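> Got a sequence here, can you build the structure:
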Amino acid sequence: MITIDGNQGEGGGQILRTSLFFSLVLGEEVRVEKIRAKRENPGLRPQHLAAIRAFAEVTGGEVENAKVGASWIRFRPSDKAKGETTIEVGTAGSVTLILQSLLPAVALAGRRASVKVKGGTDTKWSPTYEYFKRVFEPAANAMGLRISTRLLRRGYYPIGGGLVEGTAHPSEVVEEKDFCLPPTKRAGTIVSVSSNLRRDVVKRQCGAAREALETRGVEVEATEAREEEANSPGSSVLVYRTEPDRCYFGGDAIGERGLPAESVGRAAARIFLATLDSGASVDPHLADMLVPLMAFSKRARLLTDRETPHLTTNLAVAKAFTGCDFYLQRAGRLCEVIVAGRRR
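Here you go, the predicted structure:
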């Protein structure tokens, strides 16, 4: 059994989800202690319990001490997978955070699964569904995974009610992978969505993002502006750029009550431009998402525009489980991450 300090690094729910990921892939029991010990509401919260339940229900694993407020949990992976299940995150808990760790884990464990997750698809402090689908998913599949998702219904804070269907097929990470080439041109795509708001909101978000890009000499290759059904009002914007086997990055933003639609569009563009202007190939959020996958390659490398606590924390958890070597260093204005395969 491996014991993980849940209070290290960023000290949040990410450590728990990453630990569940490695536990399932390696078939090794894990105990996570001091969960969110320094947070205002320490211990497990409902959204973290949803992630634990998802791993247990999809894979047939066993969990000890899974309750709100718990400071530790123990997870025993199993090969008695259900294959198909529906997970209720509750209200607007993030759907994408669960799928981000669950689908790759199932695939790398050599299993098939189809799962529907109900909750928030576009919420703060987590990737929007559009980012997950258009940035994370293709980058993960470029590493050898066979995962896919389909949006069935959008869900926003505070009601949630979103629904995403995800599938995973047995996969192996490629032996070597580099995400180190900048985009071939300064260009991006804009996706603006809204639900139960004035009809002009979705267009104003998109227009503001376009203006922010074009002012900086960035070509807008395509735009999508869609109104979709949801249980509560909400909106989001994604500005992204992906080039197969070259670069994967994006910037997303969530609409909030009292926040002008133009501000949402500009916020997404600003995040996108930070990575584009740096010459990086991967944005800082995707960088930490890719680390668990990189740990199973013989050698993998990426260039991102900045180091984050989530990145360094995931590297530490990856090393604890796999014994992989990693190097984190400055490369001019960029941050270079090199992970040299598992040792255990």
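> what sits against residue 271?
By CB atoms under 8 Å, 6 or more residues apart in numbering, the residues touching residue 271 are 239, 250, 251, 252, 253, 283. C-betas here are computed from N, CA, C, even on glycine.
> Correct me if wrong: residue 176 contacts residue 296.
No: using CB atoms under 8 Å, residue 176 is not in contact with residue 296; the gap is 11.8 Å.
> Counting neighbours, which of the contacts of residue 271 comes out on top?
residue 239 (32 neighbours; other CB atoms under 10 Å).
> Identify the farthest-apart pair in the contacts of residue 271.
253 and 283 (13.4 Å; CB to CB).
> that older thread, the more surrounded of residue 176 and residue 296?
residue 296 (25 against 11).
> which SS state does the more buried one fall under?
coil (DSSP: H, G, I helix; E, B strand; the rest coil).
> Find me the pLDDT at the closest residue to it other than its chain neighbours, would you?
Setting aside the residues directly before and after it, residue 296 is nearest to residue 173 in space (CB to CB, 6 or more residues apart in numbering), at 4.2 Å. The confidence metric pLDDT takes the value 93 at residue 173.
> wait, what's in contact with residue 173?
Counting by CB under 8 Å, 6+ apart, residue 173 has contacts 108, 143, 144, 145, 293, 294, 296, 297.
> Not counting sequence-adjacent ones, nearest residue to residue 142?
Nearest to residue 142 is residue 245, by CB to CB, 6+ apart, at 6.2 Å.
> what's around the one you found, how many residues?
Counted with other CB under 10 Å, residue 245 comes out at 10.
> Does it lie in a helix or a strand, and which?
For residue 245, there is no helix or strand it lies in under DSSP states H and E.
> mind checking the SS state of residue 24?
Per three-state DSSP, residue 24 ends up helix.
> ok, now which ones touch it?
Neighbours of residue 24 in contact, by CB under 8 Å, 6+ apart: 55, 59, 61, 77, 105, 106, 109.
> switch the cut-off to 10 Å
Contact analysis of residue 24 by CB atoms under 10 Å, 6 or more residues apart in numbering lists 30, 55, 58-59, 61, 75, 77-78, 81, 101-102, 104-106, 108-109, 111.
> Let's verify the nearest residue to it once chain neighbours are set aside: helix, strand, or coil?
Closest residue to residue 24 apart from its sequence neighbours, by CB to CB, 6+ apart: residue 105 at 4.3 Å. Here residue 105 is recorded as helix under three-state DSSP.
> and residue 105, how far is that from residue 19?
11 Å (CB to CB, to the nearest Å).
> Overlap of the contact sets of these two?
Joint contacts of residue 105 and residue 19 (CB under 10 Å, 6+ apart) are residue 292.
> picking that back up, shared neighbours, residue 176 and residue 296?
residue 341.
> Counting neighbours, what do you get for the residue nearest to residue 196 when sequence neighbours are not counted?
Distances taken as CB to CB, 6+ apart place residue 233 nearest to residue 196, at 4.0 Å, with adjacent residues excluded. Neighbours of residue 233 under the rule other CB under 10 Å: 15.
> which stretches of the stretch 201-344 of the chain form strands?
Taking DSSP state E, counting those that start in this stretch, the strands of the stretch 201-344 of the chain run over residues 219-227, 234-243, 247-254, 299-304, 325-331, 334-340.
> ok, of those strands, where does mean pLDDT dip lowest?
Mean pLDDT across the strands of the stretch 201-344 of the chain is lowest at strand 325-331; the value there is a mean of 91.
> ok, how many other residues are close to the spatially closest residue to residue 187 that is not a sequence neighbour?
Closest residue to residue 187 apart from its sequence neighbours, by CB to CB, 6+ apart: residue 219 at 4.2 Å. Using other CB under 10 Å, the number of residues around residue 219 comes to 10.
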